[in-house]
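Undergrad: how would this look folded up:
(one chain, ligands or ions: 1)
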Amino acid sequence: MKVPFLDLRTEYLGLRDEILPALDHVGETSAFVLGEEVEQFEQEFARYCDVQHCVALSSGTAALHLGLLALGVQPGDEVITSPNTFLATAEAITYCGARPIFVDIDPATANLDPGLIERAITPRTRAILPIHLYGRPADMDVILSIAEKHKLRVLEDAAQAHGARYRGRRVGGLADAAAFSCYPTKNLGAYGEGGALTTNDDQVAKYARAARSHGQTARYEHEFVGYNYRMHGYQGAVLRIKLRHLDRWTGRRQEIAREYRRLLANARLTIPVDHPQDECVYHQFVIYVSNRNSLKSHLATQEIETSIHYPKPLHLQPAYSSLAYPPCSFPLAERACERVLSLPVYPGMTAEQVSYVANSVLQAVGTK
Ligand SMILES: Cc1ncc(COP(=O)(O)O)c(C=O)c1O
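TA: This next block holds a predicted model:
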């Protein structure tokens, strides 16, 4: 049996009859950049996240960048985040001329450990940027209370967490603002690049709307030097359709995760824990094993595709060598990166594929 890591083609074929007329409508109305479909998407996604505003953008990276700028991050500032994430999280900090300050993770969740934040705060700290990694909400109550105490702003990196719930509330409206990615592989993926910034703060939304379009507040009225970070009409149309399916797809991801947990309960590996009051949307289902590379190769021989999120923490990436963090600066993130393996999880996976993957893993790693 073959198990791909992701199957976007099959998903597309199932949606084709809905997608093609919507794309045709964009062509007919020539609303190629922003326009009606994007505006509708903004309203629908804001409602979905239970927030006042959604500003549709050209990528999740753009959403992080504008989110930080809107929260007042400036050159010379510091922003606290986790090194166990995709490079874009830190890149957005760098784009603002600010410095990423990493703190280690809680190995139980792979998310930033809020217990380590306070000792990283300096007079230059402006914001905290927690990531809801793999679709699992970060511990926001603790993070928000530290932010309040030290007068810091908080931006959620919700790139992987569309629809996830923290203590019953959807991510996207938990902090000052939130950045979503709609890269095609994401839980709510466009057919190209896309992203969104959500917020309950009118000023943040107003800034992001102008900043995404060259600082314009009206046609050819440029209040400040902005960016070209607008969402394309085709992406708005696709995302509106996919949003209608998102909860069903998330339910299937969660079902697969439960099944993996059941079948792997006695396997010699560990799986991040879910807080009983939270809802993880399983953008990735990861396991930690001591012999990750050999397990990955073994699964490949069984025609099971896997991936690694992420093989190297950001402080050890050449891109951030200038920050001069030596190895062992964040031992738990480093250990996670050495041991982590992402198993296939996507809504179209069959029950047979799920048990085939779990059984192949179990066979390779053995029982506890
Ligand atoms: C955690 C995280 N942050 C930010 C991004 C950046 O999003 P995008 O690729 O849409 O720019 C991604 C996805 O690639 C991500 O996984």
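Undergrad: and the pLDDT at residue 190?
TA: Per-residue pLDDT puts residue 190 at 98.
Undergrad: wait, a helix at it?
TA: No - counting by DSSP: H, G, I helix; E, B strand; the rest coil, residue 190 is not part of a helix but coil.
Undergrad: measure it to residue 87 for me?
TA: To residue 87, residue 190 is 20 Å away according to C-beta to C-beta, to the nearest Å. Using the backbone N, CA and C atoms, a C-beta is placed for each residue, glycine as well.
Undergrad: if you count what's nearby, which of those two comes out ahead?
TA: Just comparing residue 190 and residue 87: by other C-beta atoms under 10 Å the higher neighbour count belongs to residue 190, 25 against 15.
Undergrad: contacting residues around the more buried one?
TA: 182-184, 235, 238-239 (C-beta atoms under 8 Å, 6 or more residues apart in numbering).
Undergrad: with residue 184 instead?
TA: Shown in contact with residue 184 (C-beta under 8 Å, 6+ apart): 8, 190-192.
Undergrad: let me know whether residue 61 touches residue 86 as I believe.
TA: No - with contacts defined as C-beta atoms under 8 Å, residue 61 does not count as touching residue 86, sitting 9.1 Å away.
Undergrad: flag every buried residue along the strand or helix carrying residue 46.
TA: Here residue 46, judged by DSSP states H and E, is contained in helix 36-49. Neighbour counts over helix 36-49 (16 or more other C-beta atoms under 10 Å) mark 37-39, 41-42, 44-46, 48-49 as buried.
Undergrad: mind listing the helices for the stretch 101-250 of the chain?
TA: 140-150, 202-211, 233-263 (DSSP state H, counting those that start in this stretch).
Undergrad: would you mind saying which of those helices lies nearest the ligand?
TA: The ligand lies closest, by C-beta to the nearest ligand atom, to one member of those: helix 233-263, at 11.0 Å.
Undergrad: and for residue 272, the neighbour number?
TA: 21.
Undergrad: ok, the one residue in the stretch 51-200 of the chain that gets nearest to the ligand - how many residues close by?
TA: Of all residues in the stretch 51-200 of the chain, residue 60 sits closest to the ligand, at 2.5 Å by C-beta to the nearest ligand atom. Counted with other C-beta under 10 Å, residues neighbouring residue 60 total 27.
Undergrad: name the nearest residue to it, ignoring sequence neighbours.
TA: Closest residue to residue 60 apart from its sequence neighbours, by C-beta to C-beta, 6 or more residues apart in numbering: residue 181 at 2.6 Å.
Undergrad: surely that neighbour touches residue 135?
TA: No - using C-beta under 8 Å, residue 181 is not in contact with residue 135, being 11.9 Å away.
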